[in-house]
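Participant: Structure, please.
(2 chains)
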Number of protein chains: 2
Amino acid sequence: MCEASVYMEKDGKEELLLDSVDVLEPQEGGKIYLRNLAGEQKTVTARIKRIRLVEHKIILEKVEG
Amino acid sequence: MCEASVYMEKDGKEELLLDSVDVLEPQEGGKIYLRNLAGEQKTVTARIKRIRLVEHKIILEKVEG
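Facilitator: Numbering: from 1, shown residues only, chains lettered A, B, ... in the order given. Below you'll find the model as predicted:
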(Lines give C-alpha, C1' and ligand atoms only; values in the text may rest on other atoms or scores of the structure.)
Protein backbone atom coordinates (compact mmCIF):
# COMPACT_ATOMS: atom_id res chain seq x y z
CA MET A 1 0.00 0.00 0.00
CA CYS A 2 1.03 3.54 -0.64
CA GLU A 3 -0.23 5.46 2.29
CA ALA A 4 2.07 7.80 4.21
CA SER A 5 2.69 8.93 7.75
CA VAL A 6 1.96 12.59 8.37
CA TYR A 7 4.21 14.46 10.78
CA MET A 8 4.03 17.94 12.26
CA GLU A 9 7.38 19.66 12.47
CA LYS A 10 7.83 21.50 15.76
CA ASP A 11 11.10 23.05 16.89
CA GLY A 12 12.95 21.02 14.30
CA LYS A 13 11.45 17.74 15.51
CA GLU A 14 8.87 15.65 13.68
CA GLU A 15 5.86 14.52 15.70
CA LEU A 16 3.61 11.86 14.22
CA LEU A 17 0.14 13.26 13.59
CA LEU A 18 -1.53 10.36 11.75
CA ASP A 19 -0.24 7.23 10.08
CA SER A 20 -1.52 5.26 7.07
CA VAL A 21 -2.86 8.46 5.54
CA ASP A 22 -4.57 8.07 2.17
CA VAL A 23 -6.30 11.43 1.69
CA LEU A 24 -4.92 14.93 2.25
CA GLU A 25 -6.85 18.04 1.25
CA PRO A 26 -5.92 21.65 1.97
CA GLN A 27 -9.01 23.62 2.99
CA GLU A 28 -10.13 27.20 3.50
CA GLY A 29 -8.48 29.13 6.30
CA GLY A 30 -5.11 27.41 6.15
CA LYS A 31 -6.40 24.07 7.34
CA ILE A 32 -5.49 20.61 6.10
CA TYR A 33 -7.86 17.67 6.21
CA LEU A 34 -6.38 14.19 6.63
CA ARG A 35 -7.97 10.76 6.46
CA ASN A 36 -6.29 7.43 6.88
CA LEU A 37 -7.06 3.88 5.79
CA ALA A 38 -8.75 3.14 9.13
CA GLY A 39 -11.15 6.02 8.52
CA GLU A 40 -9.59 8.27 11.17
CA GLN A 41 -9.88 11.94 10.25
CA LYS A 42 -8.02 15.00 11.45
CA THR A 43 -8.10 18.64 10.45
CA VAL A 44 -5.13 20.75 11.46
CA THR A 45 -4.10 24.34 10.89
CA ALA A 46 -0.83 23.89 9.06
CA ARG A 47 0.80 23.90 5.69
CA ILE A 48 2.65 21.22 3.78
CA LYS A 49 6.39 21.56 4.14
CA ARG A 50 7.51 18.60 2.07
CA ILE A 51 6.34 15.26 0.75
CA ARG A 52 8.62 12.26 0.21
CA LEU A 53 6.48 9.49 -1.19
CA VAL A 54 9.18 6.85 -1.42
CA GLU A 55 9.82 7.41 2.29
CA HIS A 56 6.05 7.42 2.93
CA LYS A 57 6.42 10.75 4.66
CA ILE A 58 4.48 13.98 4.62
CA ILE A 59 5.81 16.80 6.78
CA LEU A 60 3.53 19.65 7.86
CA GLU A 61 4.49 22.81 9.68
CA LYS A 62 2.55 25.34 11.70
CA VAL A 63 1.65 28.51 9.90
CA GLU A 64 3.56 31.41 11.43
CA GLY A 65 2.02 34.52 12.82
CA MET B 1 7.03 1.81 -5.27
CA CYS B 2 4.95 4.58 -3.83
CA GLU B 3 5.40 7.44 -6.17
CA ALA B 4 2.39 9.34 -7.55
CA SER B 5 1.31 11.01 -10.74
CA VAL B 6 0.84 14.76 -10.42
CA TYR B 7 -1.99 16.35 -12.40
CA MET B 8 -2.97 19.97 -12.99
CA GLU B 9 -6.70 20.53 -12.91
CA LYS B 10 -7.85 22.88 -15.68
CA ASP B 11 -11.49 23.54 -16.53
CA GLY B 12 -12.49 20.46 -14.58
CA LYS B 13 -10.07 18.22 -16.49
CA GLU B 14 -6.90 16.69 -15.11
CA GLU B 15 -3.77 17.09 -17.22
CA LEU B 16 -0.74 14.99 -16.35
CA LEU B 17 2.13 17.21 -15.25
CA LEU B 18 4.70 14.65 -14.10
CA ASP B 19 4.53 10.96 -13.29
CA SER B 20 6.48 8.83 -10.80
CA VAL B 21 6.82 11.82 -8.49
CA ASP B 22 8.69 11.19 -5.26
CA VAL B 23 9.30 14.70 -3.91
CA LEU B 24 6.86 17.62 -3.67
CA GLU B 25 7.74 20.83 -1.86
CA PRO B 26 5.70 24.02 -1.72
CA GLN B 27 7.98 27.03 -2.11
CA GLU B 28 7.89 30.80 -1.69
CA GLY B 29 5.60 32.73 -4.00
CA GLY B 30 2.94 30.07 -4.41
CA LYS B 31 5.19 27.69 -6.32
CA ILE B 32 5.45 23.93 -6.00
CA TYR B 33 8.63 22.01 -6.71
CA LEU B 34 8.30 18.44 -8.02
CA ARG B 35 10.90 15.76 -8.62
CA ASN B 36 10.33 12.26 -9.91
CA LEU B 37 12.22 9.00 -9.68
CA ALA B 38 13.94 9.65 -13.02
CA GLY B 39 15.33 12.90 -11.64
CA GLU B 40 13.05 15.11 -13.73
CA GLN B 41 12.20 18.34 -11.94
CA LYS B 42 9.42 20.87 -12.44
CA THR B 43 8.39 23.98 -10.60
CA VAL B 44 4.86 25.23 -11.17
CA THR B 45 2.77 28.07 -9.79
CA ALA B 46 -0.11 26.19 -8.26
CA ARG B 47 -1.53 24.86 -5.06
CA ILE B 48 -2.36 21.38 -3.93
CA LYS B 49 -6.04 20.59 -4.34
CA ARG B 50 -6.08 17.02 -3.10
CA ILE B 51 -3.87 14.01 -2.57
CA ARG B 52 -5.07 10.40 -2.86
CA LEU B 53 -2.11 8.19 -2.08
CA VAL B 54 -3.83 4.85 -2.59
CA GLU B 55 -4.76 6.05 -6.10
CA HIS B 56 -1.19 7.40 -6.56
CA LYS B 57 -2.67 10.76 -7.46
CA ILE B 58 -1.85 14.34 -6.55
CA ILE B 59 -4.08 17.03 -8.03
CA LEU B 60 -2.87 20.62 -8.29
CA GLU B 61 -4.85 23.66 -9.33
CA LYS B 62 -3.88 27.08 -10.60
CA VAL B 63 -3.94 29.84 -8.05
CA GLU B 64 -6.72 32.28 -8.92
CA GLY B 65 -6.26 35.97 -9.56
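
Participant: report the longest strand in chain A, please.
Facilitator: strand A:13-27 (DSSP state E).

Participant: for that strand, packing partners?
Facilitator: Helices and strands touching strand A:13-27, by 3 or more Cβ pairs under 8 Å, 6 or more residues apart in numbering or on different chains; DSSP states H and E, are strand A:4-10, strand A:31-36, strand A:41-45, strand A:47-52, strand A:57-61, strand B:47-52. From N, CA and C alone the C-beta is placed, and that goes for glycine too.

Participant: Verify the stated contact: A:Val6 with A:Glu14.
Facilitator: No - shown here, A:Val6 and A:Glu14 do not form a contact pair, counting by Cβ atoms under 8 Å, at 9.8 Å.

Participant: which of those two has more neighbours?
Facilitator: A:Val6 (26 against 16; other Cβ atoms under 10 Å in any protein chain shown).

Participant: tell me the contacts of the more buried one?
Facilitator: By Cβ atoms under 8 Å, 6 or more residues apart in numbering or on different chains, A:Val6 lies in contact with A:Leu16, A:Leu17, A:Leu18, A:Asp19, A:Val21, A:Leu24, A:Leu34, A:Ile58, A:Ile59, A:Leu60.

Participant: now it: how far from chain B?
Facilitator: Distance, A:Val6 to chain B, by Cβ to the nearest Cβ, to the nearest Å: 10 Å.

Participant: now swap in A:Arg52 and tell me
Facilitator: Between A:Arg52 and chain B the computed distance is 6 Å (Cβ to the nearest Cβ).

Participant: The nearest residue to that residue once chain neighbours are set aside: neighbour count?
Facilitator: Distance criterion Cβ to Cβ, 6 or more residues apart in numbering or on different chains; nearest residue to A:Arg52, sequence neighbours excluded, is B:Val23 at 5.9 Å. B:Val23: 17 surrounding residues under other Cβ under 10 Å.
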